[in-house]
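Asks: Need coordinates for the following:
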Amino acid sequence: MMVIEGNHEIEPQVDGMTFKSYEARFAVPSDESGSNSNFFYSFDAGGVHFLMLGAYVDYNHTGAQYSWLKKDLQNVDRSVTPWVVAAWHSPWYNSYSSHYQEFECMRQEMEALLYRHAVDIVFSGHVHAYERMNRVYNYTLDPCGPVHITVGDGGNIEKVDVDHADDPGKCPSSGDNIPEFGGLCHLNFSFGPAKGKFCWDRQPEWSAYRESSFGHGILEVN
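Replies: Model prediction:
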């Protein structure tokens, strides 16, 4: 089992300490993958190169995580691992009201790098529902973009998310969904059916399927 930190692992304690349980309980191959942090690392399994990225540490293009990610992607040998799969806690693409555009800052910083290196699939959680996206890049359908999948329905102590941001009266305000880490980078869309709006008035074209359910997923790679 490979893990990556989420908001529930912050666990703020005295003297500003955070993530102490996460760091103490889990061993991940950070050193082996050239990372200096348990908050981001990579590993190979079968024909897949997995990228585990940190949404709750510095993800800016001037930071250590971005620098490590750039080098890691440059070293991927697609003849050995033809598939590249990335995972982090908070989804970039999400049409539910809950956590809508919450990690837009991270997307704006890192999405282009993943796109240039043809990452195939992205897995996230955080939103307590299931949603699978069409191949997308910068909110535009793109056959070269990754498939983003939110699998936040595997188990939680909170309620299943049922409200969509495009449902009447369910669009959050631009001041909502403030992340525990990073700033607000919410945007109004400048193209397509949501032009000039913060939320779509229908299921976004990049959202292929969404379901307020409880369950798990299995990924088979051939």
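Asks: C-alpha from now on. contacts and neighbour counts both.
Replies: Noted.
Asks: can you map out the helices along this structure?
Replies: 20-25, 64-74, 104-116 (DSSP state H).
Asks: Run the chain-centre distance for the shortest one.
Replies: Centroid displacement of helix 20-25 relative to its chain, using C-alpha atoms, centre = their mean, to the nearest Å, is 21 Å.
Asks: need the contact list for the spatially most central residue of the chain.
Replies: Among the residues of the chain, the one closest to the centroid is residue 91, at 3.6 Å (C-alpha atoms, centre = their mean). Residues near residue 91 by C-alpha atoms under 8 Å, 6 or more residues apart in numbering: 103, 123, 124, 125, 126, 127, 150.
Asks: I'd guessed residue 61 sits against residue 109; true?
Replies: Yes - the criterion here is C-alpha atoms under 8 Å, and residue 61 meets it with residue 109 at 6.0 Å.
Asks: what stretches of this protein score poorly on pLDDT?
Replies: 155 (pLDDT under 70).
Asks: which residues touch stretch 144-153?
Replies: Outside stretch 144-153, the residues that reach it (C-alpha under 8 Å, 6+ apart) are 91, 93-94, 115, 118-137, 160, 212-217.
Asks: returning to what we had before: just curious, which of the contacts of residue 91 is nearest to residue 50?
Replies: residue 123 (10.4 Å; C-alpha to C-alpha).
Asks: what are the bridge partners for the closest one, then?
Replies: Assessed by DSSP bridges, residue 123 has beta-bridge partners residue 87, residue 149.
Asks: Go ahead and confirm it touches residue 90.
Replies: No - proximity of residue 123 to residue 90 does not meet the contact threshold set by C-alpha under 8 Å, at 9.1 Å.
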